[in-house]
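1. here's my sequence, what's the structure:
(one chain, ligands or ions: 1)
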Amino acid sequence: MDKLKLTQICTNCVMDTTDSKIIFDDNGICDHCNNYYNNLKPAWEKLNENKLLEIATNIKNQNNNNDFDCIIGLSGGLDSSYTAYIAKEIMGLNPLLLHVDAGWNTRQAVTNIEKLVDGLGLELYTDVINWESMKELQRAFLRSGIPDQDLPQDYAFFSSLYKFARKHKIKYVLTGSNFSTECCREPEQWGAYIGIDKKLTYGILNKFGTSENFDFPIIDVFKYRILYKFIYGMKVIYPCNYVEFKKDDVEKLLNKKYGWEKFQHKHHESRFTRFFEDYWLKNKFGYDKRKAHFSSLILTGQMKREDALKRLQNSELSEEFLKKEFKYVSKKLEIDEKELQDIFKAENKTVDNYSSNKWLIQLGKKALITLGMENRHIR
Ligand SMILES: [Zn+2]
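-> Model prediction:
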């Protein structure tokens, strides 16, 4: 790789060669941008509120005496909060709101959830993850040296949601995933390994910790892809893609209606994710997820490229604050501060250093793309 390539930034967004598989065209525009203009945007433009209302009618018609029409995982962040709002106020549904408490809620996330649930008059279930198991898994993941440190939380959220849906015989999952703020996907390399991987998880757990007394919800990739989708007939709906979604406007709307407070940056509802994305991933691995977040906003006309470049020059949080968070994370996970520092300095690894079901997950992803069920740019 020559020096020029090492520092190349897309001329349209702020993605760069820290995504080592990025491809630039003759105008210096990256493949994330080209995929957005050529594939995502045309698909997105076909969606509208009328179609969403048709879906809502369908969901209601298929509900046979169930208390709930659908389920929504609520983190207290913008996307899931807006999804709950759309479900109730636009689609006229009665969703079951599920909050999975993995031990890292910020106070703001908790307050937002309370305000929203009260304001919408909906029912909230909270699934509290066994903290001893969560801690064991997170410590093992940190010691493994892979960039994907948010997998334990993701697995807990996702697995719990699907188990809950199954328990309550709910067929529709409404998710906050959306094109407006997420059309530029973080490459997998940036600690965004896609897919629930039991093999990877237990391998790491047994190597760097113990799976004795491990009590943690984790559904297998086979179960998710085959059983839930094709046997139980569960469907995932993306309501945010059917309605107007400008980040600033939605933040104002939720604030005005429910007193919901906006976060400084995406994913700040979890104290661990905030630490992981703002400090660990950026400083240990050199991956700044904000580049993908900001690029999404640039592509959808919600942020100026020059503002993004300026903001990327500094951390979202002060060095002093992050030092405190380092101490907090080490104390909370009961991992010695010296050990955490040693892990931070140790050699970086990737998922490929461990046994996993990666090939199978990739095969599944390719099948979804081929079948036209996934058009986002995932790699
Ligand atoms: Zn680009």
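2. for residue 47, the count of nearby residues, please.
-> Residue 47 is flanked by 16 other residues according to other C-beta atoms under 10 Å. Where you see a C-beta, it was placed from the backbone N, CA and C, and this is true even at glycine.
3. OK, contacts around the nearest residue to it once chain neighbours are set aside?
-> Nearest residue to residue 47, sequence neighbours excluded (C-beta to C-beta, 6 or more residues apart in numbering): residue 242, at 4.8 Å. Residue 242 sits next to 47-49, 51-52, 55 when contact means C-beta atoms under 8 Å, 6 or more residues apart in numbering.
4. now swap in residue 263 and tell me
-> 77-78, 108, 269.
5. and if we set it to 10 Å?
-> Counting by C-beta atoms under 10 Å, 6 or more residues apart in numbering, residue 263 touches 76-78, 106, 108-109, 112, 251, 269, 274, 316.
6. and if you look at residue 44?
-> The neighbourhood of residue 44, defined by C-beta under 10 Å, 6+ apart, consists of 36, 178-180, 183, 241-242, 300, 375.
7. 6 Å - rerun?
-> residue 179 (C-beta atoms under 6 Å, 6 or more residues apart in numbering).
8. same thing with residue 254?
-> Neighbour list for residue 254: 81, 260 [criterion: C-beta under 6 Å, 6+ apart].
9. adjust the sequence numbering to begin at 30 for everything that follows.
-> Right, with 30 as the first residue, what we last looked at is residue 283.
10. how near is it to the ion?
-> Distance of residue 283 to the ion, given as C-beta to the ion, to the nearest Å: 29 Å.
11. so that residue sits in a helix?
-> Yes - under DSSP: H, G, I helix; E, B strand; the rest coil, residue 283 falls within a helix.
12. rewinding a little: which of the contacts of residue 271 tops the neighbour count?
-> If you count neighbours using other C-beta under 10 Å, the busiest of those is residue 81, which has 20 neighbours.
13. now that one: closest residue in space, sequence neighbours ignored.
-> Spatial nearest neighbour of residue 81, chain neighbours left out: residue 271 (3.7 Å); criterion: C-beta to C-beta, 6+ apart.
14. next, find the distance separating the one you found from residue 206.
-> Distance of residue 271 to residue 206, computed by C-beta to C-beta, to the nearest Å: 13 Å.
15. what's the answer for residue 155, then?
-> For residue 155, the distance to residue 206 equals 22 Å [C-beta to C-beta].
16. so which of the two has more stuff around it?
-> Legend: neighbour count by other C-beta under 10 Å for residue 155 and residue 206, higher for residue 206 (15 against 12).
17. and the residue lying closest to the more buried one once chain neighbours are set aside, how many residues sit next to it?
-> Distances taken as C-beta to C-beta, 6+ apart place residue 267 nearest to residue 206, at 5.7 Å, with adjacent residues excluded. The local packing of residue 267 (other C-beta under 10 Å) involves 16 other residues.
18. and what of residue 318?
-> Applying other C-beta under 10 Å, we find 22 other residues in the vicinity of residue 318.
19. pretty sure it is touching residue 307, no?
-> No - using C-beta atoms under 6 Å, residue 318 is not in contact with residue 307; the gap is 8.9 Å.
20. got a winner among the contacts of residue 292 for most neighbours?
-> Ranked by the number of neighbours (other C-beta under 10 Å), the contacts of residue 292 place residue 141 first, at 28 neighbours.
21. who are the neighbours in contact with that one?
-> So residue 141 contacts 105, 289 (C-beta under 6 Å, 6+ apart).
22. for it, phi and psi?
-> phi -60, psi -40 (degrees, to the nearest 10).
23. please report how far the residue nearest to residue 76 lies from residue 352.
-> Counting by C-beta to C-beta - residue 271 and residue 352 are separated by 43 Å.
24. I'd like the contacts of residue 292 as TSV, with pLDDT, distance to residue 245 and secondary structure appended.
-> Shown next, in TSV, are the contacts of residue 292 (pLDDT from 0 to 100; distance: C-beta to C-beta, whole Å; DSSP: H, G, I helix; E, B strand; the rest coil):
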residue	pLDDT	distance to residue 245	secondary structure
105	96	22	coil
106	96	22	coil
107	97	27	helix
135	95	22	coil
137	96	26	helix
138	96	21	helix
141	97	26	helix
280	98	33	helix
298	93	21	coil
303	95	22	helix
345	93	30	coil
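25. per-residue pLDDT, the residue of the stretch 230-379 of the chain found nearest the ion?
-> In the stretch 230-379 of the chain, the residue that lies nearest the ion is residue 324 (6.0 Å; C-beta to the ion). Here, the pLDDT recorded for residue 324 equals 98.
26. report the contact partners of it.
-> Applying C-beta under 6 Å, 6+ apart, we find residue 324 in contact with 42-44, 213.
27. among those residues, who's most crowded?
-> Neighbour-wise, these (other C-beta under 10 Å) top out at residue 213, 30 neighbours.
28. so who does it touch?
-> Shown in contact with residue 213 (C-beta under 6 Å, 6+ apart): 61, 321, 324-325.
29. which SSE is the residue nearest to residue 372 when sequence neighbours are not counted in?
-> Leaving out its chain neighbours, the residue that sits closest to residue 372 by C-beta to C-beta, 6+ apart is residue 171, at 5.5 Å. For residue 171, the host element (DSSP states H and E) is helix 160-173.
30. now do residue 183
-> Element membership for residue 183 (DSSP H and E) is helix 180-196.
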